[in-house]
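Asker: Sequence and predicted structure, then a few things I'm wondering about:
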Amino acid sequence: MTTRAEPEPASDHGQPDLDVDARPWAIGYSGLSQVPVGLESNINGPQATPIDTSVPAIGVRYWASPMVGIDFAVGFSWTGGSRDLGGVASDKDSVYAFLVQAGVPLALSTYRHVSFQLLPYAVVGYGQNSRAGDPFMGTTAADLSGTRIEVGARLTF
């Protein structure tokens with residue numbers, strides 16, 4: 001009588017996606033931040049309204065160990081242009097902003113495709129709004145700017 005060897009059942013518990021030996025570096029989208037660029041007059045009252053611009057950031061992450069990583073990201077945004085109304089041309093506001101983000105992700109628990117992480121981070125952003133005088137609105141030229149500094153932490157999957 002011949003015995004046949006049974007095949008090993010496939011292991012359902014392979015290596016997690018967070019394998020720092022195989023893939024210590026990552027690159028990706030780091031989010032969208034609002035950076036202040038000045039104030040806008042409010043026609044409904046004397047209080048000025050803050051103006052923000054959206055700045056997307058692209059970053060890199062390096063996993064120094066299976067639990068601790070290092071994040072760094074930068075972002076930039078610019079808008080501008082001109083308009084022509086009835087043969088009279090005027091410049092639109094020239095708005096630019098940039099930011100720098102840094103963080104230290106901590107992988108608290110990792111299982112296959114999911115990593116539960118605590119991410120302490122800091123963001124520094126600067127924006128400027130250069131306004132040309134607008135004959136249609138009766139405004140004068142001005143340079144306005146704003147700064148964003150944020151320190152915090154978030155829990156992510």
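Answerer: That came in fine, so what should we check first? Residues are numbered from 1 along each chain as shown.
Asker: which residue is nearest the centroid of this structure?
Answerer: residue 31 (3.0 Å; CA atoms, centre = their mean).
Asker: What is the helix or strand of the chain with the lowest mean pLDDT packed up against?
Answerer: Ranked by mean pLDDT, DSSP states H and E, the weakest helix or strand in the chain is strand 88-91, scoring a mean of 72. Counting contacts by 3 or more CB pairs under 8 Å, 6 or more residues apart in numbering; DSSP states H and E, strand 88-91 packs against strand 82-85. No exception for glycine: its C-beta is placed from N, CA and C like everyone else's.
Asker: how about the strand it packs on: buried residues?
Answerer: By neighbour count with 16 or more other CB atoms under 10 Å, strand 82-85 contains no buried residues.
Asker: Strand partners (parallel or antiparallel) of the helix or strand hosting residue 59?
Answerer: Assigned by DSSP states H and E, residue 59 belongs to strand 49-63. Strand pairing for strand 49-63, using DSSP bridges, gives strand 25-40 (antiparallel), strand 69-79 (antiparallel).
Asker: And for stretch 114-125, what's in contact with it?
Answerer: Residues from elsewhere that reach stretch 114-125 (CB atoms under 8 Å, 6 or more residues apart in numbering): 16-18, 33, 35, 55, 71, 75, 97-110, 147-157.
Asker: ok, now stretch 67-86?
Answerer: For stretch 67-86, using CB under 8 Å, 6+ apart, the contacting residues are 30-31, 33, 35, 53-64, 89-108, 119, 121, 125, 136.
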